[in-house]
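In: Next comes the sequence, and after it the predicted model I'd like to discuss.
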2 protein chains.
Amino acid sequence: VKIRHRVDAIAPHEKCVVVCDLASGRSWRESYDHLLIATGSQPIDPELPGREAAGIFPIKNLAGGIALRRELDAREIRRVVVVGAGYIGLEMVENLLLRGLEVTVVEQGNQVLPLLAPELAAQVEQAVAAGGAALHLGKPLLGYEMKNGRVSGVATDKQSLPADLVVLGMGVRPSSELAEAAGIELGIKKAIRTDKRMATSSHGIWAAGDCAESYHVIDGRPYYLPLGTVANRHGRAAGANIAGDRVDYGGTAGTAVTRTCGAEVGMTGLLEKELRESGIEVVSETVQSRTRSGYFPGAGPIAVRLTADAASGRILGGQIVGGEGAAKRIDVVAVAVQSGLTAAQMSELDLGYAPPFSPVWDPVVIAARQLSKKL
Amino acid sequence: VKIRHRVDAIAPHEKCVVVCDLASGRSWRESYDHLLIATGSQPIDPELPGREAAGIFPIKNLAGGIALRRELDAREIRRVVVVGAGYIGLEMVENLLLRGLEVTVVEQGNQVLPLLAPELAAQVEQAVAAGGAALHLGKPLLGYEMKNGRVSGVATDKQSLPADLVVLGMGVRPSSELAEAAGIELGIKKAIRTDKRMATSSHGIWAAGDCAESYHVIDGRPYYLPLGTVANRHGRAAGANIAGDRVDYGGTAGTAVTRTCGAEVGMTGLLEKELRESGIEVVSETVQSRTRSGYFPGAGPIAVRLTADAASGRILGGQIVGGEGAAKRIDVVAVAVQSGLTAAQMSELDLGYAPPFSPVWDPVVIAARQLSKKL
C-alpha cells in the first residue's frame, strides 16, 4: 500500500480535516459528516543514548517485520538482543531461534509476560531457556552501544550485552496525538476516550482500534488492550454507527493468546491485581494437568489458573500455559467470564473428550472444580 | 485386571445380590445398603449368518483393541472391512490405514457419523477417502463369508467384499439385563432409568456410566450418550449421593469430539432433527473458514454449523469439521449452549486470536454472526 495523503489536523468545530498530499506537499481542507480516527498505535521506543545507531528494529506491524527480515538476509548477524518479554518480544525470540541466531532477552520486569501469574510465567521462562535464549530479567535497558554507526550491544544497569542487531518489543502506546491536538478527550493510557458506540467526546468523530479506549465486560471499567480482535470489533461497531445503525461495542474480555518456544499461553478476564485494586476479594487456584490423555502421543503439560469472586463464586479471569493445544482452551474460560458462570457451574461443563484432544476431565474443568472447593 | 466374581442377580427387596466366584463356581448372597450398577455397555454384534467365523472383532474397550492388535501382529492380514462408520469405526480406520492395511468401510446409513449434518459428514467422507479407505455407504451388512472357519468377506445387499479381518464398530447398547431382571425400570434405549441424583427406581440402587440414562441440559429430556465424559460425571454424582451428600448430575450437553484421517469432528447440543421432533422451530447456518490465519503454516479448513431456537435466538447445538485445531473449538459452543447464550451474544464473544491459533474472527464467532443475521 502506497500512502499518498496525511491528515495533519482535525478541526471539529468546522467539521473538517487538513489533508497534506505527500508528493506535492500541498495541503487542503476536507469536510466530513462523520470522521473515524483509526490511527492505531506505535511501538514504545525511548530516546536512550545510542538510539541513533543502525541495526535497532522496533517491531509492531508487517512493515517492521519485513525490514527486520531483510536485514537478517543481507548481513552477517549472529547475536540478537530482544528488548522486552511481552507478546511481540517472545514471538520474535521463537522465530530468531528458528533462524539459528544467538538470542538474548532483556526485560526490566522480574518475569516474562508481565500480565501472567508468576508461577505460570516461570513455565514460559523455562520453555524460552530450553529453546536456547538467554533471559536477563529485572534489567532495565539504559542505552545502546555503537561501533562505526552500528549497534554493537545494549547496556543494562548490570552489564553490557553484545549484539549485532537489536529488536525492540517494549509494547505499544496509542497514536492519539492528532485527536489530542484537536481537543478530543483522551482516556486510560492516553487512548482516545469513547462511549460504547465508539463515539469520541467530539460530535461526529469516532475512534476505533489501537488508538481507542475499550471497556471491560466484567465491570465496565475503561480498558486499553491493543489487540487485533478488539480493533476488529471496534471497527465493526463504529462502522455500523456511522452508517446510521445504533450498535454498542460488546466490550473487551481481555482474551489473548500467544506462543513462544513450544509454550502456548492464553489469558482472559481481569487480573487478580486489577480486581484487588477495585476492592474485590478474589480466590485463585492453579492446577497442573495434561493436554491429551496421558498415554496418547504428544500429550504435554498444561497449567490452568482460575480466579473467582470470593463472594459470588463468579469466574473473573483465567490464565493457561502449556504444550500444543493449551492456549485456545482459554476460550472456554472467556465464554464463562462473559456468561457470568460460577466456578461450581463451570465444574459441571460438558466439554469434548477424546484421547487426541483431552483427558476425560478437561484441565479447565479440573481447575474450576478445585477452585470451587475453596469457595 | 483379573475378574474373580460375577453378580448373577439383584434382589432389591432383600437388599442383596447373588455373587458367583468364577474360579470355584460357588455362589452366595451379599447384602448392601447401597448398590451401584455400573455394568457399562456392549458392542452391537448381530447374529448374522457366518458370525461364528474367526477373525471378527467387535471393538468397544481396551481388551478388544489389544485382541485386534495381537491378531494383526500374528497373522498376514491385508484387507480389513470395518463395519459401521461411527466414532469407533472411523477411529479404527485411521489406525488401520496407518498400519498400511487395505481398508473398506461398510455403513448402512447414507453417510458417516449419522449425527452430523450431511454437508459436514461429506467433508469427513472426503478425508477418509483421501486417506485411502474405500467407503460403501447405504449398504447394510447381511452376513459374513467364511473359508476354513475364518472370515473371508462380508456380504451387503449389493455385493460381496473380500476381507482377511472384520472390525465391528456398529455402536453400543447399555448392559442393563441384570437391572431389568431385578425389576428396575429402564428408560430410553433400554438404559437404566435414573433421576438427577443417579438413583434408579429401586430404593438404595444407583446407576452410573454407559448402562445408565442421562438427561439433556437444554430441555431435561432423557438422553442416552455412552461417552467417557458422561460416565465419569455420572460416577462422581452417584458416589457423592451414596456417601450421603445431595448432588445432582449436571446433565449431558451432547458434547463429543473425534478424529479420523486428519479430519477433526466436534458436536454439542441437540440435533436439528431432535429439536424439530419436539416442535421447536430452529434456524441453522454453516460457515467455512480456516483454523489459523490464512498465511500461517498449517492453516486448514474448518466448517462450523450452528443451530438456534428461531423464537429466542438461543444456541441449541453446533457441529464442527476441519483440520488440526478444529474439534476442541466445539467447547466454546458447548459453554454457549450450557449458558443459554443467543446467537447475537455469541457473535460478540471476545476469544483468543494469534496467527498460530485462529483467524482474527474465530470461525465459531463468524458462524454465530451469520446465524444471527437469519434470526
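Out: Alright, I've got the coordinates. Numbers count the residues shown, from 1 in each chain, chains lettered A, B, ... in the order given.
In: Longest helix in chain A, by number of residues?
Out: The residue-count maximum for a helix in chain A (DSSP state H) belongs to helix A:228-242.
In: quick one: contacts of whatever helix or strand comes next after it?
Out: Remark: after helix A:228-242, the chain's next helix or strand is strand A:256-260, criterion DSSP states H and E. Contacts with strand A:256-260, where a contact means CB atoms under 8 Å, 6 or more residues apart in numbering or on different chains, come from A:87, A:90-91, A:93-94, A:113, A:124, A:127-128, A:131, A:225, A:227, A:264-268, A:327-328, A:330, B:352-354, B:356-358. For the C-beta atoms, the positions are set from N, CA and C on the backbone; glycine is no exception.
In: and strand A:256-260, what's its mean pLDDT?
Out: Mean per-residue pLDDT for strand A:256-260: 97.
In: strands paired with that strand, and their directions?
Out: Counting by DSSP bridges, the strands paired with strand A:256-260 are strand A:263-269 (antiparallel).
In: and the next element down the chain from the strand it pairs with?
Out: The element immediately downstream of strand A:263-269 (helix or strand, assigned by DSSP H and E) is helix A:272-277.
In: Not counting that next one itself, show me its contacts.
Out: Here helix A:272-277 makes contact (CB under 8 Å, 6+ apart) with A:Ala117, A:Val282, A:Ser284, A:Thr307, A:Asp309, A:Leu316, A:Gly317.
In: one more time with 10 Å, if that's ok
Out: A:115, A:117, A:216, A:218-219, A:221, A:223, A:254, A:269-271, A:280-284, A:305, A:307-310, A:316-317, A:319 (CB atoms under 10 Å, 6 or more residues apart in numbering or on different chains).
In: how about the nearest residue to A:Val337 once chain neighbours are set aside, what does it touch?
Out: Computed as CB to CB, 6 or more residues apart in numbering or on different chains, the closest residue to A:Val337 that is not its neighbour in sequence is A:Gly269, at 4.6 Å. Residues in contact with A:Gly269 (CB under 10 Å, 6+ apart) are A:216-218, A:253-255, A:275, A:306-308, A:315-319, A:330, A:333-334, A:336-338, B:350.
In: do A:Ser347 as well
Out: A:341, A:361, A:364-373, B:233, B:236, B:250.
In: And the helices in the stretch 251-375 of chain A?
Out: Taking DSSP state H, counting those that start in this stretch, the helices of the stretch 251-375 of chain A run over residues A:272-277, A:330-339, A:343-346, A:363-373.
In: Point out the most buried one among those.
Out: Compared across the helices of the stretch 251-375 of chain A, helix A:330-339 shows the largest average neighbour count, a mean of 28 (mean count of other CB atoms under 10 Å in any protein chain shown).
In: For A:Ser289, list the residues it contacts.
Out: Here A:Ser289 is in contact with A:299, A:301-304, A:322, A:326, A:358-359, A:361-367 (criterion: CB under 10 Å, 6+ apart).
In: Show me the subset of those residues that also lies near chain B.
Out: The overlap between these and the neighbours of chain B (CB under 10 Å from any CB of the partner chain) comes to A:Ser358, A:Pro359, A:Trp361, A:Asp362, A:Val364, A:Val365.
In: For chain B, see how far away the closest residue to A:Ala311 other than its chain neighbours is.
Out: Residue nearest to A:Ala311 in three dimensions, not counting chain neighbours: A:Glu281, with 6.7 Å by CB to CB, 6+ apart. Counting by CB to the nearest CB, to the nearest Å, the gap between A:Glu281 and chain B amounts to 24 Å.
In: Can you tell me which residues in the stretch 1-150 of chain A are near chain B?
Out: Checking the stretch 1-150 of chain A against chain B by CB under 10 Å from any CB, the hits are A:Tyr87, A:Glu91, A:Glu94.
In: list the contacts for the second one?
Out: Okay, so that is A:Glu91. Neighbouring residues of A:Glu91 by CB under 10 Å, 6+ apart: A:Ile59, A:Val82, A:Gly169, A:Thr258, A:Arg259, A:Thr260, A:Cys261, B:Ala354, B:Pro355, B:Pro356.
In: Going by neighbour count, which of those comes out on top?
Out: When neighbours are counted by other CB atoms under 10 Å in any protein chain shown, A:Val82 leads those with 28 neighbours.
In: shaky segments in the stretch 251-375 of chain A?
Out: Nowhere does the stretch 251-375 of chain A drop to pLDDT under 70.
In: sorry, back to before: next step: the contacts of strand A:256-260 restricted to strands.
Out: Among these, the members falling in strands (DSSP state E) are A:Glu264, A:Val265, A:Gly266, A:Met267, A:Thr268.
In: Surely the second one touches A:Glu125?
Out: The one in question is A:Val265. No - the pair A:Val265 / A:Glu125 is not scored as a contact, 11.6 Å apart, by CB atoms under 10 Å.
In: Which of those two has more residues huddled nearby?
Out: The neighbour comparison of A:Val265 against A:Glu125 (other CB under 10 Å) goes to A:Val265, with 29 against 24.
In: Please name the nearest non-neighbouring residue to that one.
Out: That would be A:Thr258: by CB to CB, 6+ apart, it lies 5.0 Å from A:Val265.
In: One more: A:Ala127?
Out: Computed as CB to CB, 6+ apart, the closest residue to A:Ala127 that is not its neighbour in sequence is A:Ala263, at 3.6 Å.
In: list the contacts for that neighbour?
Out: By CB under 10 Å, 6+ apart, the contact list for A:Ala263 reads A:90, A:94, A:112-113, A:120, A:123-128, A:130-131, A:300-301, A:321-324, A:326-327.
In: What separation do you get for it and chain B?
Out: Distance from A:Ala263 to chain B, by CB to the nearest CB: 12 Å.
In: quick one: terminal-to-terminal distance for stretch A:334-352?
Out: The straight-line separation of the ends of stretch A:334-352 (CA to CA, to the nearest Å) is 17 Å.
In: One more: stretch A:132-144?
Out: Stretch A:132-144: ends 23 Å apart by CA to CA.
In: quick check, distance from that stretch to the centre of its chain.
Out: Counting by CA atoms, centre = their mean, to the nearest Å, stretch A:132-144 is centred 20 Å from the centre of its parent chain.
In: sorry, back to before: are there helices or strands packed against the longest helix of chain A, and which ones?
Out: Judged by 3 or more CB pairs under 10 Å, 6 or more residues apart in numbering or on different chains; DSSP states H and E, the packing partners of helix A:228-242 are strand A:35-37, strand A:205-207, strand A:214-215, strand A:256-260, helix B:363-373.
In: rerun at 7 Å
Out: strand A:205-207 (3 or more CB pairs under 7 Å, 6 or more residues apart in numbering or on different chains; DSSP states H and E).
In: Pull out the buried positions in the strand it packs on.
Out: Residues of strand A:205-207 classed as buried by neighbour count (16 or more other CB atoms under 10 Å in any protein chain shown): A:Ile205, A:Trp206, A:Ala207.
In: any idea of the mean pLDDT in it?
Out: Per-residue pLDDT over strand A:205-207 has a mean of 98.
In: Stretch A:222-235 too?
Out: The average pLDDT for stretch A:222-235 rounds to 96.
In: Off-centre distance for that stretch?
Out: 10 Å.
In: got it, and stretch A:56-75?
Out: On CA atoms, centre = their mean, the centre of stretch A:56-75 falls 20 Å from that of its chain.
In: Other residues contacting that stretch?
Out: Outside of stretch A:56-75, the residues within contact range by CB atoms under 7 Å, 6 or more residues apart in numbering or on different chains are A:42-43, A:45, A:88, A:92, A:99, A:144, A:151, A:165-169, A:172.
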